[in-house]
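Enquirer: what would the 3D arrangement of this be:
(chains A, B, C and D)
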There are 2 protein chains.
Amino acid sequence: MLAIGTLSRRTGTKVQTIRYYEQIGLMNEAGRTAGGQRRYFEKDLDRLAFIRHSRQLGFSLDSIRELLDLSDNPSQSCAEADSIARRQLHQVEQRIKRLQALKKELKRMVAECDGDSVAECKVLEVLRDHAECLTEHDEIGA
Amino acid sequence: MLAIGTLSRRTGTKVQTIRYYEQIGLMNEAGRTAGGQRRYFEKDLDRLAFIRHSRQLGFSLDSIRELLDLSDNPSQSCAEADSIARRQLHQVEQRIKRLQALKKELKRMVAECDGDSVAECKVLEVLRDHAECLTEHDEIGA
DNA sequence: GATACAAGCTACAGCAGATAGAGGTTCAAG
DNA sequence: CTTGAACCTCTATCTGCTGTAGCTTGTATC
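Expert: All right, here's what the predicted structure looks like:
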């Protein structure tokens, strides 16, 4: 039987985060000692590791929920998991694209700045006037 | 005198967002009509456009606050604005790096999946076992 | 058995950066 | 004067945690 601190150490997850995962139903409700402390089995540790690894790969908690469901029901087709992963890949690619456009714009801003007074600062000037931008960057969050 | 909806339309910012910016002190408190509705000048529109454009370039609201302060005091050196922009550029570059590592890993996962049953799904397998990963990806947020 | 103290517990607040809705009021056109 | 779009405030919600306060439990050592 593993204490929450052990899971924490072995997966690099903060104790509060593990409790949070339980709260939102991502981790099963843990068994308790007489005194009310959580105790885990190895399978819980595996599940937590799966969650963490998926998070490291950028999957949302919702996607992870789906992936865990699939993982729990090995008789289904793999297609669903595959499509979740593809969707994630697509999102990552989009974000890279967008960030590269930003990078280009920022580089140009910085390069043109010659360290003079704010009055003629290129950085501020570009920010003031969108028209000075070369690239399109119309979405914020991405 | 411009109504909030006009600012909204002309900068592509949601009305609530403009009010939010006022609330957190990023926009100055707007003047009001007798009935309590906000009214703006062109300079407020410019300020909002500056904020929005900066957000599109990925600057945090805190950074934008600094940039606006600099912009409001044209006698200072440009160096500060420059360094904020450089910091932002650096962050963007780091995020790109990280996302490219993720992309690689996701691509590999997806490529290895042959659409068979979940039991032997490569996607799920990789998620289960971090050791199957080629690349390092130890930070989550980034 | 007593004691010390690390590790556990719950509950709630807070972060960024908005966004949405309820329920009510004002403005401007016709 | 009436209509109705646009405005108002206030509060809640989202994602994915993280931190704090104040208290209890478990375990090792004496």
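Enquirer: C-alpha from now on. contacts and neighbour counts both.
Expert: OK.
Enquirer: tell me how many other residues crowd the residue lying closest to residue A:121 once chain neighbours are set aside.
Expert: Spatial nearest neighbour of residue A:121, chain neighbours left out: residue B:78 (5.7 Å); criterion: Cα to Cα, 6 or more residues apart in numbering or on different chains. Neighbour count of residue B:78, defined by other Cα atoms under 10 Å in any protein chain shown: 23.
Enquirer: could you check how far residue B:78 is from residue B:51?
Expert: 18 Å (Cα to Cα, to the nearest Å).
Enquirer: same check on residue A:24?
Expert: The gap separating residue A:24 from residue B:51 is 35 Å, by Cα to Cα.
Enquirer: more crowded one of those two?
Expert: Using other Cα under 10 Å, the more surrounded residue of residue A:24 and residue B:51 is residue B:51, with 25 against 10.
Enquirer: wait, what's in contact with residue A:26?
Expert: Residue A:26 makes contacts with residue A:65, as judged by Cα atoms under 8 Å, 6 or more residues apart in numbering or on different chains.
Enquirer: got the buried residues for the worst-scoring helix or strand of chain A on mean pLDDT?
Expert: Using mean pLDDT, DSSP states H and E, helix A:122-128 stands out as the lowest-scoring helix or strand of chain A, at a mean of 88. If you call a residue buried by 16 or more other Cα atoms under 10 Å in any protein chain shown, then helix A:122-128 has these buried ones: A:122-128.
Enquirer: is any part of it close to chain B?
Expert: Yes - using Cα under 8 Å from any Cα of the partner chain, helix A:122-128 comes into contact with chain B via A:123-124, A:127-128.
Enquirer: for that helix, enumerate the helices and strands it packs against.
Expert: helix A:79-112, helix B:42-56, helix B:79-112 (3 or more Cα pairs under 8 Å, 6 or more residues apart in numbering or on different chains; DSSP states H and E).
Enquirer: hmm, who's touching that helix?
Expert: Helix A:122-128 has contacts (Cα under 8 Å, 6+ apart) with A:109-110, A:112-113, A:118, A:132-133, B:46-47, B:49-50, B:53-54, B:67, B:71, B:81-82, B:85.
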